[in-house]
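[1] structure for this input, please:
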Amino acid sequence: MKFKFLKSYNAWIITHAGVIILAGCLILRPDLKNQLILYTGYGALFHLVLVLALNPLKSIFATSVLLKKINRYRREIGVACFSYSVIHVACFIVKRGGLSETLKFIFHPALISVFFVAFPLLFLLTITSNNASIKKMGFLKWKKLHKKVYIAEIAVLIHLFMLGAIKLTFLTFLPLITLQLIRKHLAAKHKAISLA
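    Numbering: from 1, shown residues only. You can find the predicted model right below:
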């Protein structure tokens, strides 16, 4: 019984293990804030790119069993992105010496896109990433809301670019955007064939 319970939460454990470790490190060793702010940022970015890449990859490699299996856990991966983001923000608050000092930086050019766009959107998507929200909103409205993740994608891209992380921006977003464009092209092609 115990093992069955753990098995049903495997995806949550795997996607959030790093969050728990990094949160623990921040509590026990706040002096490591500079390193932790990087690791939490990388964790959030990895999960964001992964969850956004899954649908394009599934469309391109339609017969891949592995991708179909991973795609089942989009919810857990998406929530993990927000969880890492929360610890990332917590690290920034610790780095700045408290919430009042942090608020002085919210209009910094590199932070506006994440404080006012990406983080609120990810929060909204996280709290609606459940079956109850789908039932209450209706699938079409829910789907429309969750498509706003692409706005968060742009906001994070701007954040990284403004921070001067040019190589990281290109290494993560160029392949992702390429996959998204290929998916769009394939969808248009299939639609044209079906209408022919």
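[2] distance of the residue most central in space within the chain relative to residue 25?
    Per Cα atoms, centre = their mean, the C-alpha nearest to the average position across the chain is that of residue 48, at 2.7 Å. Computed as Cβ to Cβ, to the nearest Å, the residue 48 to residue 25 distance reads 21 Å. In this view, the C-beta of every residue, glycine as well, is placed from N, C-alpha and C.
[3] what helix or strand is the residue nearest to the centre of the chain on?
    Here residue 48 sits within helix 33-60, counting by DSSP states H and E.
[4] how far off centre is that helix?
    6 Å (Cα atoms, centre = their mean, to the nearest Å).
[5] mean confidence (pLDDT) on stretch 64-84, please.
    Throughout stretch 64-84, pLDDT has a mean value of 95.
[6] pull out the buried residues from that stretch.
    67, 70, 73-84 (16 or more other Cβ atoms under 10 Å).
[7] same deal with stretch 91-98?
    The neighbour-count check on stretch 91-98 (16+ other Cβ under 10 Å) flags 91-94 as buried.
[8] what stretches of the protein score poorly on pLDDT?
    1-8, 195-196 (pLDDT under 70).
[9] possible to save the buried residues of stretch 91-98 as a markdown table with secondary structure and distance to residue 108?
    As requested, the buried residues of stretch 91-98 are arranged in a markdown table below (DSSP: H, G, I helix; E, B strand; the rest coil; distance: Cβ to Cβ, whole Å):
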| residue | secondary structure | distance to residue 108 |
| --- | --- | --- |
| 91 | helix | 16 |
| 92 | helix | 11 |
| 93 | helix | 14 |
| 94 | helix | 17 |
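[10] out of those, who's nearest residue 192?
    Set against residue 192, the nearest of the buried residues of stretch 91-98 by Cβ to Cβ is residue 92 (47.2 Å).
[11] what's near enough to touch the closest one?
    Shown in contact with residue 92 (Cβ atoms under 8 Å, 6 or more residues apart in numbering): 37, 102.
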